[in-house]
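Asks: sharing a sequence plus its predicted fold:
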Amino acid sequence: MTRKIVFLTGMVGLMAFSGSVVAGDEAAIEQLLKAKESAWSAADGAGWARDYQEDSVVVNLAGSRLEGRDENAQRHDSVFAGPFAGTELDLSVEHIEMLGDDRALAVAKLAVSNIESMPEGLPDGGDGILHTRMSFLLEQDADAGWQIRFAQNTAVSPY
């Protein structure tokens, strides 16, 4: 009987320890995604793409594939200098699901505000705010920590 109690106590402790590691991972992922707000405010394409893997893929609002961190950074530099110059980003993490020890899926709502003229083809609620939902597949690297492997951004209709 004593062995069973010791075993069960150890298992409960191990499960509690595992849960705290996952909670730490979720916090690290949320912090990584929230840092996108600062990069956006600074109009910093390299800062935006910093946490993407070198060979990552992003499917943007237009359905174009951005192949790799460098292309992602260059495209965001163009966006920050063009239709989204002077805009602000509010990113709210909706959900993080651990897919194992080294993979996670995260979903966030993004709201880009202060848009002077909504780019053609994007839903326009007339308030100068673009609402999107972005999904991220993240992988944990032993050296770099959590990084984004794949992302897809989808416009959310204001209607």
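Replies: Nice, thanks for sending it over. Residues are numbered from 1 along each chain as shown.

Asks: use CA for all of it now, contacts and neighbours both
Replies: OK.

Asks: what helix or strand does the residue positioned nearest the centre of the chain sit in?
Replies: Central residue of the chain (C-alpha atoms, centre = their mean): Leu33, 4.3 Å from the mean position. Here Leu33 sits within helix 2-41, counting by DSSP states H and E.

Asks: gap between Leu91 and Gly47?
Replies: Per C-alpha to C-alpha, to the nearest Å, Leu91 is found 15 Å from Gly47.

Asks: ugh, typo on my part, it should be Ala73
Replies: Ala73 is 8 Å from Gly47, by C-alpha to C-alpha.

Asks: check Ser56 too.
Replies: Counting by C-alpha to C-alpha, the gap from Ser56 to Gly47 is 15 Å.

Asks: more neighbours, these two?
Replies: Using other C-alpha atoms under 10 Å as the criterion, Ser56 and Gly47 rank with Ser56 on top: 22 against 18.

Asks: what about this protein, any weak spots by pLDDT?
Replies: Where the chain drops to pLDDT under 70, the residues are 1-23, 159.

Asks: can you pull the contacts of the nearest residue to Thr87 once chain neighbours are set aside?
Replies: Distance criterion C-alpha to C-alpha, 6 or more residues apart in numbering; nearest residue to Thr87, sequence neighbours excluded, is Asn114 at 5.0 Å. Neighbouring residues of Asn114 by C-alpha atoms under 8 Å, 6 or more residues apart in numbering: 86-88, 128-129.

Asks: beta partners for Leu91?
Replies: Note on Leu91: beta-bridge partners Leu110, judged by DSSP bridges.

Asks: where's it relative to Trp146, distance?
Replies: From Leu91 to Trp146 the distance is 18 Å (C-alpha to C-alpha).

Asks: pop out the phi and psi values for Asp44.
Replies: Torsion angles at Asp44 (phi, psi; degrees, to the nearest 10) stand at phi -110, psi 100.

Asks: you'd agree it is up against Ser78?
Replies: No: contact criterion C-alpha atoms under 8 Å: Asp44 and Ser78 do not qualify, at 10.1 Å.
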